[in-house]
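**Student:** let's see this in three dimensions:
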Amino acid sequence: MTEVVDGDTVLLESGLSVRLIGTQSPKLALGRPDMEDWPLADEAKAALQELALGKSVQLGYGGEEKDRYGRALAHLFVEGADEPVWAQYEMISAGLARVYSFPDNRRCLNQLFAGEAQARAERLGIWRDPYYSVRAADRPDALLGRVGDYELVEGRVLLADKSGSRVYLNFGRFWKEDFTAVIEAPALRLFERDGFDPLELDGALVRIRGWVDERDGPRIEITHPEQIEVVARP
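**Tutor:** Numbers count the residues shown, from 1 in each chain. This is a model prediction of the structure:
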C-alpha cells in the first residue's frame, strides 16, 4: 500500500483507491471548499498509516464493490506476523472510526458494532470528543444544529406508526417539531427480510445513526436495519 489519504481511504500500488467500507473516520478537508478538518482526523490518518502503509494488503468484498467515484468498497486486511489484521476493526476498536453502513454493503457489521461499543464504553479516541457525542433524541433544537451531519441519536420511541408505505418512529408528542426516524418502503423490505418489525419498537430505547435532515423537525432516514440499535426493550 502506497498512500493513506485519510482514516478510511487508502491508495494501493496498483493505483486502486480503496474506501474502507463499514467505517467512517474523522474527515480531512483535503482542500474541499466550505469544509474543515474534523477533530482527530490527523490522528486517525496517522493510525492507519502505522497499521498499513508500505505493507501488503488483501481486499474482501461483501456487497457493492465500487462507489460513484470509482473507489473500491472493501474490507482491508493487512499482513501481520501471524495472520492478517482487519483494518476496519482495528480503527473502530481504537476509537478512531465509527460504524457507517449502507443497504447494499452489510457484511461483518456485528463485529464492528461490538468493537465500537467497547471503544465508546472506554471513551477512546473520538468518544472523548463532544463533536462525536451520542445525541439525545429529546433535544430536537440541538439536533437542528446538526442538520447535514452524520450522528448517533439515542432515545425512547414514543410511537412507532405506519402511514401509507412509510414507518415513523416518533420520539416526541409534537411530530412537526420533535425528532423522527423515517423508514421508507425499500428499507421496509430489508426489515421484513431480516424478520425485524420496526412497529414493535414502541417504548424501546434505541440508538439511531444516520444523516440528520430537517422536515417537520429534525429527522434521520433509515435505509437498512443496522441503522437502528435496540438498547433496551420495554
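
**Student:** for the residue most central in space within the chain, which non-adjacent residue is spatially closest?
**Tutor:** Centroid-nearest residue in the chain, with Cα atoms, centre = their mean: residue 100, separated by 2.2 Å. Once flanking residues are discounted, residue 100 sits nearest to residue 24: 3.5 Å by Cβ to Cβ, 6 or more residues apart in numbering. Glycine gets a C-beta too; all of them are placed from N, C-alpha and C.

**Student:** just the pLDDT at that neighbour, thanks.
**Tutor:** Looking at residue 24, its pLDDT is 97.

**Student:** count the neighbours of residue 177 for me.
**Tutor:** Neighbours of residue 177 under the rule other Cβ atoms under 10 Å: 14.

**Student:** residue contacts, the residue lying closest to it once chain neighbours are set aside?
**Tutor:** Closest residue to residue 177 apart from its sequence neighbours, by Cβ to Cβ, 6+ apart: residue 217 at 4.7 Å. Residue 217 sits next to 140, 144, 174-180 when contact means Cβ atoms under 8 Å, 6 or more residues apart in numbering.

**Student:** at 6 Å what do you get?
**Tutor:** Going by Cβ atoms under 6 Å, 6 or more residues apart in numbering, residue 217 touches 140, 177-178.

**Student:** residue contacts, residue 58?
**Tutor:** Contacts of residue 58 (Cβ under 6 Å, 6+ apart): residue 77.

**Student:** cool, and the one 3 residues further on?
**Tutor:** When the contact criterion is Cβ under 6 Å, 6+ apart, the partners of residue 61 are residue 74.
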